[in-house]
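>>> Next come a sequence and a model predicted from it.
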Amino acid sequence: MSPWAGVTRGETHGVTHGVTRRQFLALGWFPLLRPRHVGVAGARFRILRNGRSKRRYLRIHGNEETARQVLEGHMRTHAGLAFVIESRTRAVAVESLQLDPNRMFSRTGAEANLKALNPGVAPERVRQALDVLDRGREKLVRALTPPQGGVTIALHNNGPGYSVAAEVPISDQTSLRQPDNPHAFFLCTDPRDFEMLKTSPYNVVLQQHGPKQDDGSLSRLAAARGFRYVNLEVAAGQADRQREMLDWLERHVR
């Protein structure tokens, strides 16, 4: 049956009186017109939807395969919007320069990362890449920002060179329930989420204010803008652990 069956020009079943079909479609109310991708420069994200929820999910690094598998499986049984980067490498291209996509959420952080990943690059090329990010960043940020009362949950995987030990010195509060497993932890930006997460059997750090240095990460942006953000870190390959922690978060953090 046509989605327009039973709706006439004068009816108001969720449609403004007198709105034509063309106007209805132009306003974006027809479900098939919802965007399937969002991004900036070489950071392109596939959007997964399931029902209606104030939760937003993110997998931002293309080489974090465990996070992708866990998130895609999670979205088959849980409501929300998920953003999955369409890349198989950690860095993405911006004006032919390499950039960590979790360093693009501020001009300051992106500039430092572009210089670090592209040694010897001409300043003009860096400026061009930064200008591209500046033009497209806010649209992506709006998509990743949860509605009032919602939360953005990012899934990450780490290797031997990174663990909760790196975050403890720059955090406002910490709860290390599993000090012998430092690669599995939550990082959150809202004190209320920290109070709940610290009752879990897992490591948790709060970065509401965060360090003074702006590294361009989404967690820094969330702290600065005051929206709820939780980063779920586990070692690469530890899918069962990541599912376990994500399930705990789903049951307890509202």
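Perfect, I can see it now.
>>> helix or strand for the residue nearest to the spatial centre of the chain, which one?
Compute the mean C-alpha point of the chain, and by CA atoms, centre = their mean the closest residue is residue 58, 3.5 Å away. In this assignment (DSSP states H and E), residue 58 forms part of strand 55-59.
>>> Which strands or helices does the next helix or strand after that strand pack on?
Using DSSP H and E, the next helix or strand after strand 55-59 towards the C-terminus is helix 65-75. When contacts are defined as 3 or more CB pairs under 8 Å, 6 or more residues apart in numbering; DSSP states H and E, helix 65-75 sits against strand 43-50, strand 55-59, strand 80-85, strand 151-158, helix 239-252. (C-beta placed from N, C-alpha, C; glycine too.)
>>> Distance from the chain centre to helix 65-75, please.
Remark: helix 65-75 is offset 13 Å from the chain centroid, using CA atoms, centre = their mean, to the nearest Å.
>>> Next, count neighbours for residue 71.
Counted by other CB atoms under 10 Å, the residues lying close to residue 71 total 25.
>>> what's near enough to touch the residue nearest to the centre of the chain?
Residues in contact with residue 58, defined by CB atoms under 8 Å, 6 or more residues apart in numbering, are 45, 82, 83, 144, 152, 153, 154, 155, 218.
>>> which residues of the stretch 51-200 of the chain fall in strands?
All strands of the stretch 51-200 of the chain, identified by DSSP state E, counting those that start in this stretch, fall at 55-59, 80-85, 92-94, 97-99, 151-158, 173-175, 185-188.
>>> re the thing from before, measure the residue nearest to the centre of the chain to residue 125 for me?
Applying CB to CB, to the nearest Å, the value for residue 58 to residue 125 is 28 Å.
>>> follow-up on the earlier one: quick check: which of the strands of the stretch 51-200 of the chain is buried the most?
The highest mean neighbour count among the strands of the stretch 51-200 of the chain, using mean count of other CB atoms under 10 Å, belongs to strand 185-188: a mean of 26.
>>> Same list, the contacts of residue 58, but as TSV with pLDDT and distance to residue 243 please.
Below are the contacts of residue 58 laid out as TSV (pLDDT from 0 to 100; distance: CB to CB, whole Å):
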residue	pLDDT	distance to residue 243
45	98	22
82	98	15
83	98	19
144	98	22
152	98	19
153	98	13
154	98	15
155	98	10
218	98	22
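>>> Please tabulate those in TSV, including the columns distance to residue 236.
Shown next, in TSV, are those (distance: CB to CB, whole Å):
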residue	distance to residue 236
45	21
82	20
83	20
144	23
152	22
153	18
154	15
155	12
218	20
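>>> quick one on the thing from earlier: looking at the helices and strands packed on helix 65-75, which is nearest to residue 181?
helix 239-252 (8.4 Å; CB to CB).
>>> what pLDDT, on average, does the closest one get?
For helix 239-252, mean pLDDT rounds to 98.
>>> Pull the residues that contact that helix.
Outside helix 239-252, the residues that reach it (CB under 8 Å, 6+ apart) are 66-67, 69-70, 73-74, 78, 153, 155, 157, 184, 186, 196-197, 199-200, 202, 230, 232, 234-235.
>>> now it and strand 151-158, what's the angle there?
Comparing the axes of helix 239-252 and strand 151-158 via axes from the mean of the first three to the mean of the last three CA atoms, to 10 degrees yields an angle of 160 degrees.
>>> Just the local confidence number for the closest residue to residue 108 other than its chain neighbours, please.
Using CB to CB, 6 or more residues apart in numbering and skipping residues adjacent in sequence, the residue nearest residue 108 is residue 214, 4.7 Å away. We have a pLDDT of 93 for residue 214.
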